[in-house]
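1. Using only what follows, build the 3D model:
(chains A and B)
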Protein chains: 2
Amino acid sequence: MTGREGGAEIGPIGNSPVVILVRPQLADNIGAVARAMANGGLFHLRLVAPRDGWPQEKAWRNASGADRILDELSVHATLADAIGDLNRVFATCPRPRHIVKPVLTARGAAAELRTVCGRGLGAGILFGPERAGLDNDDMATADTLVRYPLNPAFMSLNLAQAVMVMAYEWWTASDETMPRRLMTNETRLATKGELENFLSHLVDQLDACGFLRNQPKRPGMVRNIRHLFQRGEVTEQELRTLHGVVTELAIGRRRRGRLEPETVAD
Amino acid sequence: MTGREGGAEIGPIGNSPVVILVRPQLADNIGAVARAMANGGLFHLRLVAPRDGWPQEKAWRNASGADRILDELSVHATLADAIGDLNRVFATCPRPRHIVKPVLTARGAAAELRTVCGRGLGAGILFGPERAGLDNDDMATADTLVRYPLNPAFMSLNLAQAVMVMAYEWWTASDETMPRRLMTNETRLATKGELENFLSHLVDQLDACGFLRNQPKRPGMVRNIRHLFQRGEVTEQELRTLHGVVTELAIGRRRRGRLEPETVAD
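-> Prediction:
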């Protein structure tokens, strides 16, 4: 019963699918499964006939604080008993054969599970034993199969990794993070006016130092410099730094010019 | 050097991103990372200053056949050395602070990595050490951060799990599997004509046995039965089985009726 006193707060528990490990073999994996579940916002775990019995200390050691999931799991002698109160049962299955059944990708399954759970129904996802996976009788208890799109040349997927992918898709199915954003933290994106102000400063100094003295090439060179900074991702803070850099370089050059006149001729 | 004689074929190796483990601590995890990479079609691994040196037998034991990735990895003293030949570098980072940088989701990163690699450029993804993650200097070498949408109340993500999510998204980004399909294997979906044929057979037998004798309710009952079978997912093979079931049940009833006339009165 070790480890039961600890564990992290792992978030609010809504109506989320039950993860059902069918005849799991290794307590290490059961712990890693709990951790992966917590990562993806799945909190309900059931074990069907765990090979080495239950509880197993190793599981808590491997759960990295997802103790609550292990503390509250239920153990069942049969799969029928473990799913008796559920309305929909999905079975993960890498290579389904000779079966007539809907097959979903992990992403498709996550979307469907969100719908099912959103209606207040009970849903479960079956994961088979490490060595052999779910057998034909196990799969006949499920209404839907789940098959992850993964490298067909290397299908050996660790149990906790299989749960991780499903938990990740479950979480992502209701997540609205933009696929890409510029993180600016304490500052903000510069305005076009602020950028223009800096670019004028820069070009003035480049004119002053002679960098742009080739008149035919000057417009193209100025444009290239403008393009470098015009990618929509310069912040107000960075512009202030750049103003300082340009000013200091220019002052340094002038100071050097005063102190070491020979270098100016170069 | 054990394990180097073995390992599975893990698929064709195109221009895929390099996974770079920065100061990894546990050889077990390096092996699990290789396995996860093979699952998702990532094949190039680099280690920066692995804590316990390299090679480590344990890694091969934990790779479940993804030996080739471990056999061919390179070890680097510094991160700068590990990324010197790459054009784009992404850094996975659960809680970026005080940084101005584009942040992608795992899915957004996978899409961008597909584009970068499709253009023939070299891309890499940094993963930090187990305990502390990437430090600020590590992150300053990357052009883009990657932050997975996952349960903010439980962010403790195992290293191999972090690689699994990225590898899974990398694979999925070029995968065209339909989110849902009916797997029929040896048979095929029934036609509406075949289904109608079965439903007529069923209704005839239900009329014959008296199940539909309540005339006012009969049309609704027949419709309900039709709805049950009309969900677009009955196969030709299943219809043949159902024809047999109905026929045998009806024959059994008649036979029973002949042999045990007293039950007919019931």
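2. make it CA atoms for all contacts and neighbour counts henceforth
-> Noted.
3. any chance you could map the strands in the stretch 1-150 of chain A?
-> Using DSSP state E, counting those that start in this stretch, the strands of the stretch 1-150 of chain A run over A:18-22, A:44-48, A:74-76, A:88-92, A:101-104, A:123-127, A:144-146.
4. Helix B:159-172 and the helix or strand following the last one, what's the angle between them?
-> Sequence-wise, the next helix or strand downstream of strand A:144-146 (DSSP states H and E) is helix A:159-172. Angular relation of helix A:159-172 and helix B:159-172 on a 0 to 180 degree scale: 60 degrees, by axes from the mean of the first three to the mean of the last three Cα atoms, to 10 degrees.
5. what residues are up against A:Ser174?
-> Neighbouring residues of A:Ser174 by Cα atoms under 8 Å, 6 or more residues apart in numbering or on different chains: A:Arg114.
6. Look up how far B:Asp137 lies from it.
-> Distance, A:Ser174 to B:Asp137, by Cα to Cα, to the nearest Å: 33 Å.
7. among the strands of the stretch 1-150 of chain A, which is nearest chain B?
-> strand A:101-104 (4.1 Å; Cα to the nearest Cα).
8. average pLDDT for the closest one?
-> Regarding strand A:101-104, the rounded mean pLDDT is 93.
9. how about the nearest residue to the spatially most central residue of chain A, chain neighbours excluded?
-> Nearest to the centroid of the C-alpha atoms of chain A, with distances taken as Cα atoms, centre = their mean, sits A:Tyr168, at 7.2 Å. The shortest distance from A:Tyr168 to any non-neighbouring residue, by Cα to Cα, 6 or more residues apart in numbering or on different chains, is to A:Gly40 (4.9 Å).
10. confidence score at the one you found?
-> Per the predicted model, pLDDT is 97 at A:Gly40.
11. contacting residues around it?
-> Contacts of A:Gly40 (Cα under 8 Å, 6+ apart): A:Met164, A:Ala167, A:Tyr168, A:Glu169, A:Trp170, A:Trp171, B:Leu150, B:Asn151.
12. Any idea which of the strands of the stretch 1-150 of chain A gets closest to A:Ala208?
-> Ranking these by proximity to A:Ala208 (Cα to Cα) places strand A:101-104 first, at 65.5 Å.
13. Are that closest one and chain B in contact anywhere?
-> Yes - using Cα under 8 Å from any Cα of the partner chain, strand A:101-104 reaches chain B at A:Lys101, A:Pro102, A:Val103, A:Leu104.
14. Check the contact between A:Arg61 and A:Ala32; I expect there is one.
-> No - under the criterion of Cα atoms under 8 Å, A:Arg61 is not in contact with A:Ala32, lying 9.1 Å apart.
15. residues from the stretch 101-250 of chain A in reach of chain B?
-> A:101-109, A:149-157, A:161, A:164-165, A:168, A:171-172, A:175, A:177-186.
16. Now the buried members of these.
-> Neighbour-count burial (16 or more other Cα atoms under 10 Å in any protein chain shown) applied to these gives A:101-109, A:149-151, A:154-157, A:161, A:164-165, A:168, A:171-172, A:179-180, A:182-184.
17. rewinding a little: ok, A:Arg61 and A:Ala32, which is more surrounded?
-> A:Ala32 (26 against 17; other Cα atoms under 10 Å in any protein chain shown).
18. about what we covered before: which of the contacts of A:Gly40 lies closest to B:Leu212?
-> Closest approach to B:Leu212 among these (Cα to Cα): A:Trp170, at 44.8 Å.
19. Apart from its neighbours in sequence, what residue is nearest the closest one?
-> Once flanking residues are discounted, A:Trp170 sits nearest to A:Ala110: 4.8 Å by Cα to Cα, 6+ apart.
20. what about the one you found, how many neighbours?
-> A:Ala110 has 24 nearby residues by other Cα under 10 Å.
21. residue contacts, it?
-> A:Ala110 neighbours (Cα under 8 Å, 6+ apart): A:Met166, A:Glu169, A:Trp170, A:Ala173.
22. Before I go, just wanted to say thanks for your time.
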